[in-house]
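>>> Build me a structure from this.
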Amino acid sequence: MAKLMQLEIVTPDKSLMKRNDVSYVLAETVMGPIGILANHAPLIGTLNESPLKYRSEDGKDHFIFIDAGFMEVNNNKVTVLSAAAEMSENIDVARAQAAEARALKHIENPEPTIDLEVIGRNLRRAKGRLKTVQLARGL
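Now for the predicted structure:
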C-alpha cells in the first residue's frame, strides 16, 4: 500500500476538491516541475498556468488545470491556491482553442492598444487548458 497524502485545491469561489487518497502530485512551478510524494519536506512554490497531475490510491492519474497560484506542502498535505482551476473533464476544448487562436492573432498583429503581457497570459492559459485535456485523454 502506497503512503498517502491529502490534496486540496482552493479558488476564491470554492474548494474545487479535497482528497485524502493521493499518492503523488506533479505540479509545474516557475522553477520547473516538481513531484511530491508522501512525507515530502515542507515547501511553498509559485505555480504556472499549467496542468496539475495527481495519482489516487488506485493508481489512476487525474489532471486539473491550474490558472497559476501557489502550492504549499506540509505534514502530508498539498494545498493549491489559485485564481481559477478546472477539472480536465470540465474544460471546454472549443473555447480554449478559440482563446488560443485569438491570442496568437493579437501577438502576430499587435495593436498599440493591446497589452501584450495580458495576451501572453491568455495564451498560456489556453495552452495549459488544452494540454490538461490532452494529458487526461492520454494523447
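>>> which strand residues sit across from the nearest residue to L43 once chain neighbours are set aside in the sheet?
Nearest residue to L43 in three dimensions, chain neighbours excluded: V73, at 4.2 Å (Cβ to Cβ, 6 or more residues apart in numbering). (Each C-beta comes from the backbone N, C-alpha and C, glycine too.) Taking DSSP bridges, one finds L43, V78 as the beta-bridge partners of V73.
>>> for the chain, which helix is longest?
helix 116-137 (DSSP state H).
>>> Now it: buried residues?
119, 122-133, 135-136 (16 or more other Cβ atoms under 10 Å).
>>> what's the answer for stretch 50-62, then?
In stretch 50-62, counting by 16+ other Cβ under 10 Å, buried: S50, P51, L52, K53, Y54, R55, S56, H62.
>>> which ones are touching the last one?
For H62, the residues meeting the contact criterion (Cβ atoms under 8 Å, 6 or more residues apart in numbering) are K53, Y54, R55, S56, M87, S88, A136.
>>> How is the first one assigned, secondary-structure-wise?
The one in question is K53. Under DSSP: H, G, I helix; E, B strand; the rest coil, K53 falls in the strand class.
>>> And for the nearest residue to Q6 once chain neighbours are set aside, the neighbour number?
Nearest residue to Q6, sequence neighbours excluded (Cβ to Cβ, 6+ apart): K77, at 4.4 Å. Using other Cβ atoms under 10 Å, K77 has 14 neighbouring residues.
>>> Quick check: K77 touching K18?
No - in this structure K77 lies outside contact range of K18 using Cβ atoms under 8 Å: 9.8 Å.
>>> what sits in contact with each of those two?
Contacts common to K77 and K18, judged by Cβ under 8 Å, 6+ apart, are Q6, L7, E8.
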